[in-house]
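Enquirer: pasted the sequence and its predicted model underneath.
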Amino acid sequence: MEEGLGRNSVPPPGSIDKSKILDIKPIRCLIPVFSKSPQAPSSGQYPSGFSPFFPFGGPQESSTTGVKPRGKAMPAPIRSFRSSRGEDENLNGNDGYSQKRNAVSHSSRVKLQKIKLCHDFRVDLSGLVGIGPTQKNDGNREVVNIVLMSFDALRRRLCQLVNAKELNMGKITRADLKAGNICLSKGIRTNATKRIGSVPGVEIGDIFFFRMEMCVVGLHNQSMGGIDAIKSHHEDEALAISIVSSGEYDDEAEDGDVIIYTGQGGNFNKKEKHVSDQKLHRGNLALDRSSRQHNEVRVIRGIKDTTALNSKIYVYDGLYKIQDSWTEISKEGDGSLFKYKLIRVPGQPSAFSVWKSIQKWKSGFPARTGLILPDLSSGAESIPVSLVNEVDNVKSPAFFTYFHSLRHPKSFSLTQPSHGCSCSAKKTCVPGDLECSCTQRNEGDFPYIIQGVLVSRKPLIHECGPTCKCFPNCRNRVSQTGLKHQMEVFKTKDKGWGLRSLDPIRAGAFICEYAGEVIDKARLSQLIREGDTAEYVFDTTRVYESFKWNYEPKLLDEVRANESSEDYAMPHPLIINAKNVGNVARFMNHSCSPNVFWQPVLYEENNQSFLHVAFFALRHIPPMQELTYDYGADRSDNAEGSSAHKGRKKCLCGSLKCRGSFT
């Protein structure tokens, strides 16, 4: 380059011959120079009227004192600068996402997928799951369900890969945090615009098993903090818009509609740390301003999850207003706390109060209103199934014999002889064990994660059966071990008897098998000719609405050897009549927007395979919400030119997608 020019000087016009090819080495480092003010003062080194480009054009010495900075500026490696694509950005400040992901090589016995996580985290993939550009900022019920299902499907897949040791997630070991980070960075979210009041598509009583779920639907945008705030439109002040009361502080609830919320800070919920007074800043200041502005605040209650140690279930309890605030000394007497009294806005559906009522029913005081029988199964189920009628004076449904599985199941011979898996050395089947023959039949994937949660819908799931050498408590026997939740058969207002759970149910959790007597088409036709109703018949040959429930592989940039289909592959038709013999499944009503789906499950005994129908939760289901599935349609209804609409019933599901009738 030309000599005699200062480091920060600008060469006079025409002094550089642009035709020359400069032989210089690539820059290996940058020494950014930042001015103390956005506009650095002019210096004699610059031509008249020329302003240096900030931040690299700032002076090297103070313009007033001429004192040089202490020490020599250290070069900063180029790789230390943040990528424009945000590769190293992470919601919680960890860099686990930028680590290389381990992939599993193909096995000679089972073809497994190659896994790698996409490094370009800012690529918008929301269209893959059906989310439009405007729906990211303002959602609705359907979009909220899509986002939550996409999040949990991705989380379940990450858990499956980690359990099988096919994926190393780096520093972030929790699949919910990783799934949330991927969803937010890929645009799979809704209600991104913060707002005061209700969130479109989120209903009072909705439950969340992970705080990241609340972030991706815009209910509460703090993955760790208990107070979320927004800048006021009229003044540059933050107002509180939502709080999470998770019991970490000294929160107290006088009743279901009042909460005494403790402010944040002071380390009162941290053990073995210095306790100090809480300060009126950040979230506490936002709550203080909201108490004066009287704006509505969304309240999410954290409730202990009895099925998972140190976990909580979060229930959206609706809108509250701050009625009063004060300070008081903590119970330990070693610091002051900010206290806020919030009152629930009247006229909202019940949410947290339902949970409190269930806790009282389970304790036996007060007695359950409308209780007819404490256990409809008469001991056939390990968990009692109560029978309740709060609507009319009908004392019980039509008589039937309670049976928890299939009677007279239809078996068929396998194409290749099998004697079950040989996992006795490990007591139970282990994810990622390619020696397990049952894992091989499931395309090399273990179908369930912890708590018996189904990872993905499959054409057919192969569970371990009686001939397998693993223990009866094997995680691959989910549909054979009976009910996991306390069920209640109840009388509906207009649909006869229905089924609901007193416990919260997470997406993918097993609910029950469809039990009954296995019949064939000829027997079914005979029953219909004789005037018998097909109300309690489950027929796998019917036409069912297709839907997307599995994770999207592109979100993980995953290349699968065999793309898993969500279309069922039935080895033979299965028709189950539960009118005279059955279990709780016979009480599940139809819905065009169901919260339960069915999945074919196969297990073997003495070289014979037995096909079963198992029900799983399509999404998170709060307590006391009716369990429903899509009954499907008779194939004759879909035949071209068919006028066979006899026997159709009016649908009362109330869904926005209601088809009006069903058969």
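Expert: That came in fine, so what should we check first?
Enquirer: now the strands for the stretch 51-200 of the chain?
Expert: For the stretch 51-200 of the chain, applying DSSP state E, counting those that start in this stretch gives strands covering 76-77.
Enquirer: does S325 count as helix, strand or coil?
Expert: At S325, secondary structure determined by DSSP: H, G, I helix; E, B strand; the rest coil is strand.
Enquirer: pretty sure it is touching K339, no?
Expert: Yes. With contact defined as Cβ atoms under 8 Å, S325 reaches K339; the gap is 6.5 Å. Any C-beta I mention is one placed from the backbone N, CA and C, and that applies to glycine too.
Enquirer: can you name the residues that contact the nearest residue to R157 once chain neighbours are set aside?
Expert: In this structure, R157 finds its nearest non-sequential neighbour in Y551, 4.4 Å apart by Cβ to Cβ, 6 or more residues apart in numbering. Contacts of Y551 were listed using Cβ atoms under 8 Å, 6 or more residues apart in numbering, and they are 150, 153-154, 156-157, 456.
Enquirer: between these, which is closest to N267?
Expert: If you rank the contacts of Y551 by distance to N267 using Cβ to Cβ, L154 comes first, at 34.1 Å.
Enquirer: measure the closest one to T439 for me?
Expert: 22 Å (Cβ to Cβ, to the nearest Å).
Enquirer: mind checking pLDDT for G86?
Expert: For G86, the pLDDT comes out at 35.
Enquirer: just F54 next, same as before
Expert: Reported pLDDT for F54: 37.
Enquirer: quick check: phi and psi at the nearest residue to A534 once chain neighbours are set aside.
Expert: Once flanking residues are discounted, A534 sits nearest to I528: 6.1 Å by Cβ to Cβ, 6+ apart. Backbone dihedrals for I528, given as degrees, to the nearest 10, come out at phi -70, psi -40.
Enquirer: quick one, helices of the stretch 351-500 of the chain?
Expert: 352-363, 437-441 (DSSP state H, counting those that start in this stretch).
Enquirer: deepest-packed of the ones you listed, please.
Expert: Highest mean neighbour count among the helices of the stretch 351-500 of the chain (mean count of other Cβ atoms under 10 Å): helix 437-441, with a mean of 21.
Enquirer: pLDDT of it, averaged?
Expert: pLDDT averaged over helix 437-441 gives 90.
Enquirer: got the contact list for that helix?
Expert: So helix 437-441 is contacted by 109-110, 418, 420-422, 429, 431-434, 445-446, 462-464, 468, 476 (Cβ under 8 Å, 6+ apart).
Enquirer: of those, grab the buried ones for PyMOL.
Expert: The PyMOL selection below is limited to those of the contacts of helix 437-441 classed as buried (16 or more other Cβ atoms under 10 Å):
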select buried, resi 110+418+420+421+429+431+432+445+446+462+463+464+468+476
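Enquirer: ok, T540 - contacts?
Expert: 568, 570, 573-575, 600, 613.
Enquirer: what of R500?
Expert: 487-488, 490, 623-627.
Enquirer: and the residues you listed, which are buried?
Expert: Judged by 16+ other Cβ under 10 Å, buried ones among the contacts of R500: 487-488, 490, 623-627.
Enquirer: of those, closest to L280?
Expert: Using Cβ to Cβ, the buried ones among the contacts of R500 come closest to L280 at P623, 37.8 Å.
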